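Peer 1: compute the structure for the input listed below.
(one chain, ligands or ions: 2)
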Amino acid sequence: MLSEQSAVVTGGAQGIGLATSRLLLQSGAKVAIFDLSKDKLSTTCDELKREFGTDRVLSFHCDVTDEEQVVKGFALTKETFGSVDILVNNAGITSPKEWKKTLLINLHAPMFASYTAMEYMKGSSKAVIVNVASMAGFCAIPGNESYSASKSGLIAFTRSMAQSTEGIRFNCICPSYTDTPLLGEPGKELDSTLSFIIEKQGGLLKPEQVSEGIVRLITDASLNGQVLKLTPRKGFHFEKYDSFMESLEKL
Ligand SMILES: NC(=O)C1=CN([C@@H]2O[C@H](COP(=O)(O)OP(=O)(O)OC[C@H]3O[C@@H](n4cnc5c(N)ncnc54)[C@H](O)[C@@H]3O)[C@@H](O)[C@H]2O)C=CC1
Ligand SMILES: CCCCCC(=O)/C=C/C=C\C/C=C\C/C=C\CCCC(=O)O
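Peer 2: Numbering: from 1, shown residues only. Ligands and ions are numbered 1, 2, ... in the order given. As a prediction, the model looks like this:
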């Protein structure tokens, strides 16, 4: 399905990014993983190389907020795989006290990576960028304003780019709480408020469910500017929007 295509997945060393990298590889793509955690990146990429072949996996250690490193990563991906066709902006953090860092990683970095990728995607007939936002972009989390704002911003960025960019599709996915290390150390009991919230949402999603949605947004060429929500109760459902012109008429 995705053979001859090459993808960059940021934050692909674990969680949703790892599930996405694996599904992309299973679908035939070559995958470059950009991640900050040297150890996890190395363990994950070794495992994926054993499973899918050394020539289909590229490991790139970087901080997505370091613009110079990100440009190097795209250049290396193009040099190694011959093209850059797919970008999944997945790396993200939640850290209520570090609001500037949260905005830098969750919003500024995906925007910079998208602008950079667009340069490397020239000549690709299948170029697509998927941003991993969150239901927090719709349901603002009390006390976690930087996270919620970063995800609302990422949704707006995606929709705006989709309307103004020729030849590259932009979509985003908005999962609710998903079972990954982002929510707490694996194996450790979750914080009681978080456990209560997760019970309210109907349980946790699995990273593999989210990756299925991401790959759908990549492979279905009819999808552009789409915001795909995913929750335990409703499953996949697209947010419905008026066009910009229709919105103006309703102001
Ligand atoms: N787990 C959840 O409940 C949900 C997560 N999301 C979003 O999904 C995305 C992935 O999250 P998870 O897999 O849950 O998180 P995770 O914490 O399990 O994985 C995030 C990965 O990103 C990497 N990373 C973090 N900062 C980085 C940086 N500055 N540069 C490069 N790599 C960096 C980490 O090393 C890690 O490998 C995030 O954008 C998150 O906001 C969205 C909805 C729900
Ligand atoms: C419905 C929103 C789903 C957002 C899921 C997501 O993207 C991941 C977020 C990760 C962490 C949020 C952390 C903690 C939330 C815990 C407490 C909120 C406090 C609520 C309150 O005090 O009322």
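
Peer 1: the chain against ligand 1: which residues are in contact?
Peer 2: Neighbours of ligand 1 within the chain, by C-beta under 6 Å from any ligand atom: 10-11, 13-17, 35-37, 40, 63-65, 90-93, 105, 132, 134, 175, 177-178, 180-183. All C-beta spots, glycine's among them, are computed from the backbone N, C-alpha and C.

Peer 1: which ones among the residues you listed map onto helices?
Peer 2: Using DSSP state H, the subset of those located in helices is 15, 16, 17, 40.

Peer 1: turn those into CSV, including distance to residue 228 and neighbour count.
Peer 2: Formatted as CSV, those follow (distance: C-beta to C-beta, whole Å; neighbours: other C-beta atoms under 10 Å):
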residue, distance to residue 228, neighbour count
15, 18, 24
16, 13, 30
17, 17, 28
40, 27, 18
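
Peer 1: from those residues, which is closest to residue 140?
Peer 2: Relative to residue 140, the closest of these is residue 16; by C-beta to C-beta it sits at 20.9 Å.

Peer 1: mind listing what the closest one touches?
Peer 2: 90, 132, 175, 178, 180, 207, 210, 211, 214 (C-beta atoms under 8 Å, 6 or more residues apart in numbering).

Peer 1: among those, the buried ones, what's the PyMOL command?
Peer 2: Buried subset of the contacts of residue 16, written as a PyMOL selection, criterion 16 or more other C-beta atoms under 10 Å:
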select buried, resi 90+132+175+178+180+207+210+211+214
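
Peer 1: pull the CA atoms of stretch 103-120 into PDB?
Peer 2: Output in PDB follows, covering the C-alpha atoms of stretch 103-120 (Å, rounded to 0.1, in the frame of the first residue of the first chain):
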ATOM      1  CA  LEU A 103       4.000  25.100  23.300                       C
ATOM      2  CA  LEU A 104       7.500  24.800  21.700                       C
ATOM      3  CA  ILE A 105       7.300  21.000  21.400                       C
ATOM      4  CA  ASN A 106       3.600  20.500  20.800                       C
ATOM      5  CA  LEU A 107       3.000  23.500  18.400                       C
ATOM      6  CA  HIS A 108       6.000  25.400  17.300                       C
ATOM      7  CA  ALA A 109       8.000  22.200  16.400                       C
ATOM      8  CA  PRO A 110       5.200  20.600  14.300                       C
ATOM      9  CA  MET A 111       4.800  23.900  12.400                       C
ATOM     10  CA  PHE A 112       8.600  24.100  11.800                       C
ATOM     11  CA  ALA A 113       8.800  20.400  10.800                       C
ATOM     12  CA  SER A 114       5.900  20.900   8.400                       C
ATOM     13  CA  TYR A 115       7.400  23.900   6.700                       C
ATOM     14  CA  THR A 116      10.700  22.100   6.400                       C
ATOM     15  CA  ALA A 117       9.100  18.900   5.100                       C
ATOM     16  CA  MET A 118       7.300  20.800   2.400                       C
ATOM     17  CA  GLU A 119      10.600  21.700   0.900                       C
ATOM     18  CA  TYR A 120      11.700  18.100   0.900                       C
END
